[in-house]
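Trainee: below are the sequence and a predicted model for it; my questions follow.
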Amino acid sequence: MKLPSRRATAFAALVLSGAMALSACGGDDGDSGGSGGGGGGGGDSLTMLPKNLGNPYFDTSTAGAEEAAEELGISIEEVGPEQASPDAQVQYINTAAQQGVAGLIVSANDPTAICDAINEARDAGTKVVTFDSDTSPDCRDLFVNQATAEGIAAKQLELIADQIGGSGEIAILSASANATNQNAWIEMMEAELESNPDYADIELVDIVYGDDEEQKSFDETEALLQNHPNLKGIISPTTVGIAAAADYLSTSDAKGKVALTGLGTPNQMRPYVENGTVEAFALWNPGDLGYLATYATKALVDGDITGEEGDTFEAGKLGEFTVEADGVVVLGEPFVFNADNIGDFDF
Amino acid sequence: MNAVKHDETPSAGEALLVEPSALSPGRRALTTVLRSRELSIFLVLVAVVVVATAKNSGFLFSSDGWRNFLLNPSILVLLAVGQAVVIITRNVDLSVGSVLAFTAYLTGRLFIDQPGIPLVVVVLLAVLAGAVLGLVNGVLVAYGKVPALVITLGTLYIYRGVVLTWAGSDRINRGDTPADFQALGTKTVLTIPVLTIVALVVLALVGYYLHTARGGRELYAIGSDPDAAVLYGLKVRQRVLAAFVLSGALAGLAGVLFAARYGAVTSSTGSGIELQAVAAVVIGGVAIFGGSGTVWGAAIGAFLLVTINRALPTIGIDPFWQGAVVGALILGAIVLDRVLAARQANKLAEARDA
């Protein structure tokens, strides 16, 4: 039997990270945990610890981190486990602490399992920044969050409005009916459709659930098209849903007539963007995420920021960022992938 | 029912157990069809299509609608045919969903890891892999003397575990397979999708074999009364083994079809589809305790299940009710089965006592 290629471990990581990102930014208790460990750093070297190695999503974020490190004139080393299991990262955190690295950038496989190890590292003076997937707020200095729920909802509406020319019937293909993050986005989109005059001519006619299963999402797309002959566009804020919907559309009469957007990964969506089924879709750019996390860590190490709410720092080409409540830094609006840029990404 | 032909023709002196029918073959065939349970389930299918089409003509009379009507059930038809053969022998194969996932993933991996591999080779390997997994089921059931329900429930999890270990969080995307294979998923010949043709050819072959061949009739005999079949000297083990190999092989073929149709394969592909296959078989009039029913019925059952799922939203019924409707169909089919069996038993008793 062949070894599994890790091509789309990224996919799982992405789904997980999406969920975690949202749960993280859902928290609103004002007190921050960025109390910080004392003591000086061990020179300007950082350690990058993704969920696992050989994962295209994290290869992209590490490339972004390396770009930032080069600009900052510091060194960064990537280490990590083969498998993204909850406690596999502990040994790497311990090693980093023993080496006395100045900063550790980690995407947590588990919100609590690595906390003890992280706290030991922080006691030894290492600054710890989580990105993509957070730990409990009290065991890291900062969390670099890829996107907020508001940003995700707004971007998807913007894309669909643009693709259908600002008026017509649209529908949403969601994951399961009780998926918290999906429902939060859908509620925000509904509210925005109600209140924003730009969307006055857009009518949301149906919400269906594909349960994040290819076949179900595929069949639900078919039913949508059948039951709403005047449908102009579909939003699918789930990577499984948008790929399945694109697949159905690409072989149907509705190809080119019904627009489709949502949250997807470039590797899954590439064939549909190339054959014209999908014009543009959104997600965050993991490269920017790694880039920002590196700048944030450097700012902590230098003492420019402490992780308190309201701290600001510069992050090279991405501009200035402000630390929000709970020590969260948000990358920004979701990134839009289209035929022009999809070739630059492999995750 | 379930008649097994004697090896030697009765000698001239021996009285015939059953008089030849006085009706002409044409009339006989007509009565058989009219009285068959397949017909009633077929009429339900027609009714569903008529209602849905009346509500929205695109349900059938649009190129997408017509294609999907024929195409969507093709995978389930294959599984239902294999399942029917197994159930007719008074067994059940719950592992088909996991087998389908295994071969669907295998299909994708073969295309990725062996660029340029011919489609025929991929299909053969997938069918072979399915047959081997079916063989494992068959050996355990036929020689282990453990009920098939337990064995295949076990292999359902084991095979799924193998797929999980193999695929992990990896997945096959549409772009990973060659363009001509992708096109196969929706290709049509004279408006009939190729995948449907594959399913119908398999259906015809298996149906013909069950109806006419000695081996096919023996499957019914085994399902009617396994002990009697042993006493009679039928090769029960080999036949049951063969039924499981066939079910596995068809699930393997279904995996290739799945990869072609849906493009995306993950480790959770096809979970739960085994129950749909059993449901299709039961709705199609195959007795769950074996010995009667046809693969034609099972195939119509599969068409009905898939078509109902497509039709309910069109008719305006909340998709959350889909499960309930399918459940009602299964219960209806079972009740009908019991009523017919009781009536038959009464008739036979009367005939004996007369």
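Mentor: Nice, I can see it.

Trainee: what residue in the stretch 1-150 of chain B comes nearest to chain A?
Mentor: B:D64 (5.1 Å; C-beta to the nearest C-beta). C-beta coordinates here come from the backbone N, C-alpha and C atoms, glycine included.

Trainee: my guess is that residue contacts A:A223, does it?
Mentor: No - applying C-beta atoms under 8 Å as the test, B:D64 and A:A223 come out as separate, 11.5 Å apart.

Trainee: touching, A:A259 and A:I164? I think so.
Mentor: Yes - A:A259 is within contact range of A:I164, at 5.3 Å (criterion: C-beta under 8 Å).

Trainee: low pLDDT regions in the stretch 151-300 of chain B?
Mentor: In the predicted model of the stretch 151-300 of chain B, residues B:169 satisfy pLDDT under 70.

Trainee: what residues does it have near chain A?
Mentor: B:166-171, B:173-175, B:185-186, B:262-266, B:268-269 (C-beta under 8 Å from any C-beta of the partner chain).

Trainee: mind giving me the PyMOL select for those, buried ones only?
Mentor: PyMOL command restricting those to the buried ones, with burial defined by 16 or more other C-beta atoms under 10 Å in any protein chain shown:
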select buried, chain B and resi 166+167+168+169+170+171+173+174+185+186+262+263+264+265+266+268+269
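
Trainee: count the neighbours of residue 56 for me.
Mentor: Picking chain A for this. The local packing of A:P56 (other C-beta atoms under 10 Å in any protein chain shown) involves 22 other residues.

Trainee: wrong one, I was asking about chain B
Mentor: 19.

Trainee: ok, it - contacts?
Mentor: A:226-227, A:229, B:314 (C-beta atoms under 8 Å, 6 or more residues apart in numbering or on different chains).

Trainee: repeat that for 10 Å
Mentor: Residues counted as contacts of B:N56 (C-beta atoms under 10 Å, 6 or more residues apart in numbering or on different chains) are A:226-227, A:229, B:62, B:65, B:311, B:313-316.

Trainee: turn the residues you listed into CSV, columns for pLDDT, distance to A:D247 and secondary structure.
Mentor: CSV is the format used below for the contacts of B:N56 (pLDDT from 0 to 100; distance: C-beta to C-beta, whole Å; DSSP: H, G, I helix; E, B strand; the rest coil):
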residue, pLDDT, distance to A:D247, secondary structure
A:Q226, 86, 16, helix
A:N227, 86, 19, helix
A:P229, 88, 21, coil
B:S62, 84, 19, coil
B:G65, 87, 18, helix
B:A311, 86, 22, helix
B:P313, 78, 19, helix
B:T314, 78, 21, helix
B:I315, 80, 26, helix
B:G316, 76, 26, coil
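
Trainee: for the residues you listed, which two are the farthest from each other?
Mentor: B:S62 and B:G316 (18.5 Å; C-beta to C-beta).

Trainee: all helices for the stretch 201-347 of chain A, in order.
Mentor: Assigned by DSSP state H, counting those that start in this stretch, the helices in the stretch 201-347 of chain A fall at A:214-227, A:239-250, A:266-274, A:286-301.

Trainee: chain center to the shortest one, what's the gap?
Mentor: Same thing as helix A:266-274. 18 Å (C-alpha atoms, centre = their mean, to the nearest Å).

Trainee: swap in stretch A:73-85?
Mentor: 19 Å.

Trainee: could you do stretch A:135-146 as well?
Mentor: The chain centroid and the centroid of stretch A:135-146 are separated by 14 Å under C-alpha atoms, centre = their mean.

Trainee: okay, how far is it across that stretch, tip to tip?
Mentor: Start and end residues of stretch A:135-146 are separated by 14 Å (C-alpha to C-alpha, to the nearest Å).

Trainee: in that stretch, which residues are buried?
Mentor: A:135, A:137, A:139-146.

Trainee: residues contacting the residue nearest to B:G284 when sequence neighbours are not counted?
Mentor: Leaving aside its chain neighbours, B:G284 sits nearest to B:G301 (2.9 Å; criterion: C-beta to C-beta, 6 or more residues apart in numbering or on different chains). By C-beta under 10 Å, 6+ apart, the residues touching B:G301 are B:38, B:41-42, B:44-45, B:73, B:76-77, B:80, B:83-84, B:276-286, B:293, B:329-330, B:333.

Trainee: mind checking which helix or strand the residue of the stretch 1-150 of chain B closest to chain A is in?
Mentor: helix B:63-71 (DSSP states H and E).
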